[in-house]
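> my questions are about this predicted structure, shown below with the sequence.
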Amino acid sequence: MGARGTRARGASLTIAAAIAAVALALGLAACGDDTVGGGGNGEVTTAEAGNVTGNLTVSNWPGYIDPGENGTVAEFEDETGVNVDYIEDINDNEAFFGKLQPQLEQGQSGGRSIFVLTDWMAKQMYDLGYLQEIDHDDLPAVFENLAPTLRGPSFDPERKFSVPWQSGMTGIWVDTAKAPEIRSVNDLFDPRYKGKVTMLTEMRDTVPLVMKAAGVDPEEATNQDWFDAIDKIKSAADSGQIRRFPGNDYIVDLTAGNVVAAIGWSGDASLIENDNAEWRMPTQGCMLWSDNMVIPVGAPNTAAALGWMDFVYQPEVAADITEKVTYVSPVDGVRDLLANRDPQLAKDQLIFPTEEFQRNCSTQDSPPDIEPVNEAWQSVITG
Amino acid sequence: MSLRQRLVPYWLLGPGLLWLIVFFVVPMYFMGELALRSGSLTTGFTFTWEWSNLPASLSGHTEQIVRSFYYAGAATVLALLIAYPLAYAIAFRAGRFKLLLLFAVIAPFFTTYLIRTIAWKTILSDSSPLVGVLQTLTLVPPDGRVLATSGAVIAGLTYNFLPFMILPLYANLERLDLRLIEAAKDLYSSSRQAFLKVTLPLTMPGIVAGVLLTFIPAFGDYINAQLLGGTQQAMVGNVIQSLYLTQRDYPEAAALSFLMMALILAVVTVYIRFAGTGAFMGGKDEGTTDG
């Protein structure tokens, strides 16, 4: 017994010593670099152009391109000989940022040469020094065909680091069989629809829409305006008026008929298997946004990345993408091409919105002081 | 004993120990260190022994912590109530269907957790037959719903973690010496008494293991609350996810994770003491390693 006890003690001492040694080593290693985050990779670099060859990894959102043998990726590969790894691993701006941030901080992009990010997230990454700038001379097709309305967005007035992939509108999906009269975001607060309404977790979609419904212009909104709108949503959540705060899966409740109306995105018609579901432009206007192609720091083969950007800006290529994804194309000339191919599609206001249709819409932006507003919003959605 | 022989236990211990160091001790160290940093993502998080992160991470989140205990506790009790009779039936009454039934218990694992939880959204959706039946039985009010309520989250947790309760119980029940029950009956105990005084105490190790395997992951789960819950069902896992991914308050997220681990450890320690250390550790000392 005595011998056994000593041996056991010896073993536990060994283990403790090993753990201490590892901890010490890590502690020393950590001393070299004692800040987490903060960006600061030094000066901003410009993506280098060159021969479009080799391998290219593109990260995009699911279902955001025409797939298959005749799809855009295959076409690009045939034309240039570039081997493309097209991965659909972006489901959420925040989650994607959270996943890549530690690598970007080290100046690495996880092997990816292109990300597709919503305006405000592209801006946030740029401000942290995680993105490379783009020389317009390297992208002739892009700057020839880019829609004029998208040439100078407030988050990137000179399009220094972002090239739009697709644009869209945030408004209200309505089950017209159950609640045909819902037209305004204010209607979502009507007690008749208690527990039958959802709003997106995405703060920059939901909160400004509620603000607009109350007559506040989100582009001019103060922090107090954001807090007021958040308070309004919070009391609706507490009273059970709002059923839940979904992300992409708002589609599921709408398809199953669990809700009569949901704040949602304009291009999702093909995903909602409910014939009565209709996207409506809110009376007080919608939110406009774009998802943008950006080139992260440490991106391998930026020449091929630039080649890809320019390739998808050829109207014929962009038309194929639009036909499949049914969002708003940033490429001029797509409508004329589709008018021959599919006249019905070319008339769709959700894909080719007129200025008149979008007259009350606002561009998506962050609140003046993000942190406290985001904290207040998160406390509502994790209620 | 030769040196070689004496080294054998260490070789056996090696892979597991290395695993623990690389995937547990190291992340724990980083998490602990992160929890004591201050700053923001734009300025960078610097190590400043920021102990105030710990109490700060709890403020405003007590409701979700209490709720997590309630949901995980309710799911554990339900799982035990469902699993015990089931494991008992598989162990003693299933006959040649034993393997088939065991397979059926494990079969859901062939599909991912996420897909199974999303399937529950369909099963519990407002116009589903199941909800219709519940409404007819007046268990759910006519205009009421199941999805996006606490009940749905608890049901989801119970379902998802049920196999973790069944398997240890089955393993334990299967080894039960039936002669002991016969002996109890010979001594004039009723079936109920035999169960309470013989079967139940002898299966305590299985119950303890099952409860731990169910309660601990259920407490930290956030998928069920996110998919099956509504606006008032967030659990502490959802809060940590939000702190980490959307608010990017890494220190506070790490601090809260650490405190939750400490809390669970404390609860589990008390529980094991209460349930009897011997039961949890397997009862008797095998003592076969001594040469």
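Noted; the coordinates are in hand.
> in the stretch 1-150 of chain B, what residue is nearest chain A?
Nearest residue of the stretch 1-150 of chain B to chain A, counting by C-beta to the nearest C-beta: residue B:44, 2.4 Å away. Backbone N, C-alpha and C define where each C-beta goes, glycine included.
> ramachandran angles for that residue?
Main-chain torsions, residue B:44, degrees, to the nearest 10: phi 90, psi 150.
> how many residues are close by residue A:316?
11 (other C-beta atoms under 10 Å in any protein chain shown).
> so it makes contact with residue A:340?
No: Residue A:316 is beyond contact range of residue A:340, at 11.7 Å (criterion: C-beta atoms under 8 Å).
> how close does the residue nearest to residue A:178 when sequence neighbours are not counted sit to chain B?
Ranked by C-beta to C-beta, 6 or more residues apart in numbering or on different chains and with sequence neighbours excluded, the top spatial neighbour of residue A:178 is residue A:260, at 4.4 Å. According to C-beta to the nearest C-beta, to the nearest Å, residue A:260 and chain B sit 11 Å apart.
> for residue B:50, what is the enclosing helix or strand?
Using DSSP states H and E, residue B:50 sits within no helix or strand.
> quick one, phi psi at it?
The phi/psi pair for residue B:50 (degrees, to the nearest 10) is phi -80, psi 80.
> ranges for the helices of chain A?
Assigned by DSSP state H, the helices in chain A fall at A:2-32, A:72-80, A:93-105, A:119-127, A:140-145, A:203-213, A:223-238, A:250-256, A:302-312, A:315-325, A:334-341, A:343-346, A:370-381.
> next, residue B:46: secondary structure please.
Residue B:46 falls in the strand class when you classify it by DSSP: H, G, I helix; E, B strand; the rest coil.
> quick check: it touching residue B:38?
Yes: if you go by C-beta under 8 Å, residue B:46 and residue B:38 touch, sitting 6.4 Å apart.
> circling back to that earlier point, where does the residue of the stretch 1-150 of chain B closest to chain A land on pLDDT?
Looking at residue B:44, its pLDDT reads 83.
> quick one on the thing from earlier: tabulate the helices of chain A (a markdown table), appending distance to chain B and mean pLDDT.
Output for these, formatted as a markdown table (distance: least, C-beta to the nearest C-beta, whole Å; pLDDT from 0 to 100):
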| stretch | distance to chain B | mean pLDDT |
| --- | --- | --- |
| helix A:2-32 | 6 | 51 |
| helix A:72-80 | 26 | 96 |
| helix A:93-105 | 4 | 91 |
| helix A:119-127 | 7 | 94 |
| helix A:140-145 | 30 | 96 |
| helix A:203-213 | 8 | 96 |
| helix A:223-238 | 4 | 97 |
| helix A:250-256 | 4 | 91 |
| helix A:302-312 | 25 | 97 |
| helix A:315-325 | 23 | 95 |
| helix A:334-341 | 34 | 93 |
| helix A:343-346 | 31 | 91 |
| helix A:370-381 | 5 | 93 |
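> so what's residue B:160 up against?
Counting by C-beta atoms under 8 Å, 6 or more residues apart in numbering or on different chains, residue B:160 touches B:113, B:116-117, B:218, B:221, B:224.
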